[in-house]
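Engineer: Below are the sequence and a predicted model for it; my questions follow.
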Amino acid sequence: MEIKVAIFEDNKVLRESLAQLVNSREDMYCTGAFADANKILRSMQAADPDVVLMDINMPGTSGIEAVQIIKEKFPNVQILMQTVFEENDKIFAALCAGASGYMLKKTSPQKMIEAIHETYNGGAPMAPSIAAKVLEMFRHQSATTKNEFIDLSDREKEILGWLVKGKSYQGIAESCFLSIDTVKTHVRHIYEKLHVHSKSEAVAKAIQQKLV
């Protein structure tokens, strides 16, 4: 049985090379290659994939938001995230949103094919450096998790929710009709109330405490 693969990647060269890689195999083929996830439902219906290769950083709808939508509407589809950077907060948010695995874009073609197979078969492939970060994040969680009363305003909860979804400050500002400076002020207050010092810590705590 051939594995149907859909690709969401805004870099044209990489998108085309991934499609060629997938189509070079006898046991899989690319059913759709998209430059963004802004029409994610329509794209998914057209491609009808078994596995999605999802770029985490895309214009408009972020990869993390796209994962959430896919897992809600197409729960049986497996998703393999791709990124250039090993960003703790986005790794954590993507996995919590429902991604199966997480690979770096510099991964060799052979390793990428293996990761697609593993994802299709229900595995959770991760680049070694990503796996180490995930393990460390969960260790930190286990050591620090406790129930707390955290009094966030509705606006702060809204902005924290966007942070969990991987939105940039600019993206949050546009979504909330605020200036970037106002968003930064809200984020600073969120950090103070959560007793954290970085976005990755804020995202982890938001998920731990079910704040969003």
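Structural biologist: Nice, thanks for sending it over. Every value quoted in this text rests on a predicted model; they were computed, and no experiment measured them.
Engineer: just checking, next helix/strand downstream of the lowest-mean-pLDDT helix or strand in the chain?
Structural biologist: Ranking every helix and strand in the chain by mean pLDDT, DSSP states H and E puts helix 128-144 at the bottom, with a mean of 66. Using DSSP states H and E, the next helix or strand after helix 128-144 towards the C-terminus is helix 154-164.
Engineer: which of the residues in that following helix are buried?
Structural biologist: Glu156, Ile159, Leu160, Trp162, Leu163, Val164 (16 or more other CB atoms under 10 Å). Just so you know, the C-beta spots here come from the backbone N, C-alpha and C atoms, and that holds for glycine as well.
Engineer: Show the contacting residues for Ala127.
Structural biologist: Ala127 sits next to Tyr102, Met103, Leu104, Thr107 when contact means CB atoms under 8 Å, 6 or more residues apart in numbering.
Engineer: and if you look at Leu18?
Structural biologist: Contacts of Leu18 by CB under 8 Å, 6+ apart are Ile7, Glu9, Cys30, Ala33, Leu53, Met112.
Engineer: Put together TSV for those, with neighbour count, distance to Ser168 and pLDDT on each row.
Structural biologist: Shown next, in TSV, are these (neighbours: other CB atoms under 10 Å; distance: CB to CB, whole Å; pLDDT from 0 to 100):
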residue	neighbour count	distance to Ser168	pLDDT
Ile7	26	23	98
Glu9	24	18	96
Cys30	21	29	98
Ala33	20	24	97
Leu53	26	22	97
Met112	20	27	95
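Engineer: Among those, which ones are in helices?
Structural biologist: Met112 (DSSP state H).
Engineer: Could you identify the most distant pair in the contacts of Leu18?
Structural biologist: Within these, Ala33 and Met112 form the most distant pair, 14.5 Å apart (CB to CB).
Engineer: what's around Thr61, how many residues?
Structural biologist: Residues within reach of Thr61, counting by other CB atoms under 10 Å, total 19.
Engineer: Tell me who's in contact with it.
Structural biologist: Contacts of Thr61 by CB under 8 Å, 6+ apart are Asp36, Ala37, Asn38, Ile40, Ile69.
Engineer: again, only this time at 10 Å
Structural biologist: Thr61 sits next to Phe8, Asp36, Ala37, Asn38, Lys39, Ile40, Gln68, Ile69, Lys165, Lys167, Gly171 when contact means CB atoms under 10 Å, 6 or more residues apart in numbering.
Engineer: From Asp55, how far off is the first one?
Structural biologist: Relative to Asp55, Phe8 is positioned 6 Å away (CB to CB, to the nearest Å).
Engineer: Mind checking which of those two has more residues around it?
Structural biologist: Phe8 (28 against 25).
Engineer: Pretty sure the more buried one sits against Gly32.
Structural biologist: Yes - between Phe8 and Gly32 there is a contact under CB atoms under 10 Å: 8.8 Å.
Engineer: what sits in contact with each of the two?
Structural biologist: Joint contacts of Phe8 and Gly32 (CB under 10 Å, 6+ apart) are Ser43, Met44, Ala47, Val52.
Engineer: Could you check how far the last one is from Leu152?
Structural biologist: Taken as CB to CB, the spacing of Val52 relative to Leu152 amounts to 33 Å.
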